[in-house]
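Asker: Got a sequence here, can you build the structure:
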Amino acid sequence: MSPPFFNNKILVRGLAISPPIVLAPMVGISHSAFRSLVQAEGGVGLLFTEMLAAKRLPHDNPFCSPLLIRDASEKPLFYQIIAASEADIAPAVDKLHLLGADGIDLNLGCPAPMQKRQGAGAVLAGNQAVLRKVLRRLRKSTELPVSVKIRLGQSLDVDSLRSFGLFLEAEGVDMITIHARLHGEKFCRKPRWEQIGAVKDALSVPVLANGGIFTAGDAKRCLELSHADGVMIGRGAVERPWLCADIASEVYGIDSTAEKRESQDIYAHFIALLEQRFAPERRLGRLKQFTRYFAASFPFGHHFAASIQNSDSIAEARHRAAVFFDRST
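Answerer: Residues are numbered from 1 along each chain as shown. Take a look at the predicted model:
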């Protein structure tokens, strides 16, 4: 049976995203090694960096900062920034131009206490006067695509969500990603994909749906309920780095040219990427954070995750992973 029809390409300020399957910005996860890992499995049309502090960004060294290290093959790549003041925007954008960014995303959904105290993230989304200044400075500073990532809001209010989307579009935003949960809601809360349709149908810019997508079936259902132009995949791609390829094939009818690999080979590839991209002291922590999610898809995966968490070196983690996979086959 052929897959249902969904548009398999979107244009964002002239940039083609095909397929419209996007790898989410995730703190501690969406670094160069993980982005390349998912790319190798196929199916992803756009990559995002981890969240970057606009104030600090101009001073970071792209050759050693784990947040800025990238491979030339990681394209197209949007850099996500978080800011509380328009004063931090222009210097940050200048740095992103030097880094070869393909687009810039402004985080308007982060609920972290530190960001809330500074007036950034979800707090900035609720302060329209300051947000207007930030967006206008951002739009004036670059010709690159500008996107934002938001949540449904403080409460389920369709009119407010629609008005906010129209405000963002009027201020020059080229694409909007909506995480289908309210501010402060945990990941265990079922996403409300249908609420995204309230803003999508009122806008002319592309809208991505995010939240709770762990299978190709989830992606199809999300697109049907949200009317979104594409999907952004977060934790599901950490648990299953081949998920984007599955969605591309089963939802968009695009078969990946990448060779299917066994889980142990994917894990070994990830370790190799960490060793290629990062200094020794930067590797083990990122492996542990990745494994917390990756292990969830295996029977007795909690034992696998615990063994890696208790490893004192990459070599020890590699050995323990080999033992786990040998016993699982």
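
Asker: Only C-alpha atoms from now on, for both contacts and neighbour counts.
Answerer: Will do.

Asker: Run a quick neighbour tally on the closest residue to residue 151 other than its chain neighbours.
Answerer: Spatial nearest neighbour of residue 151, chain neighbours left out: residue 179 (4.7 Å); criterion: Cα to Cα, 6 or more residues apart in numbering. By the criterion of other Cα atoms under 10 Å, residue 179 has 23 neighbours.

Asker: Need phi/psi at residue 179.
Answerer: phi -80, psi 120 (degrees, to the nearest 10).

Asker: Now for it: which residues touch it?
Answerer: Neighbouring residues of residue 179 by Cα atoms under 8 Å, 6 or more residues apart in numbering: 149-152, 191, 209-211.

Asker: Dig out what it forms beta bridges with.
Answerer: Note on residue 179: beta-bridge partners by DSSP bridges are residue 151, residue 210.

Asker: what's the answer for residue 46, then?
Answerer: Where residue 46 sits in a bridge, its partners, by DSSP bridges, are residue 22.

Asker: pLDDT score assigned to it?
Answerer: In this model, residue 46 is scored at 98, pLDDT.

Asker: Check residue 182 too.
Answerer: In this prediction, residue 182 has a pLDDT value of 85.

Asker: measure it to residue 173 for me?
Answerer: Distance of residue 182 to residue 173, computed by Cα to Cα, to the nearest Å: 21 Å.

Asker: out of these two, which sits in the more crowded spot?
Answerer: For residue 182 and residue 173, the more surrounded residue by other Cα under 10 Å is residue 173, and the numbers stand at 25 against 18.

Asker: returning to that earlier point: can you pick the most crowded of the contacts of residue 179?
Answerer: residue 209 (31 neighbours).

Asker: May I see the buried residues of the helix or strand bottoming out on mean pLDDT in the chain?
Answerer: Lowest on mean pLDDT, DSSP states H and E among the helices and strands of the chain sits helix 113-118, with a mean of 84. Neighbour-count burial for helix 113-118 flags residue 115 (criterion: 16 or more other Cα atoms under 10 Å).

Asker: ok, now stretch 293-303?
Answerer: For stretch 293-303, the neighbour count (16+ other Cα under 10 Å) marks 293-296, 301-302 as buried.

Asker: Same question for stretch 167-177.
Answerer: 168-169, 171-177.

Asker: Appreciated, that's everything.
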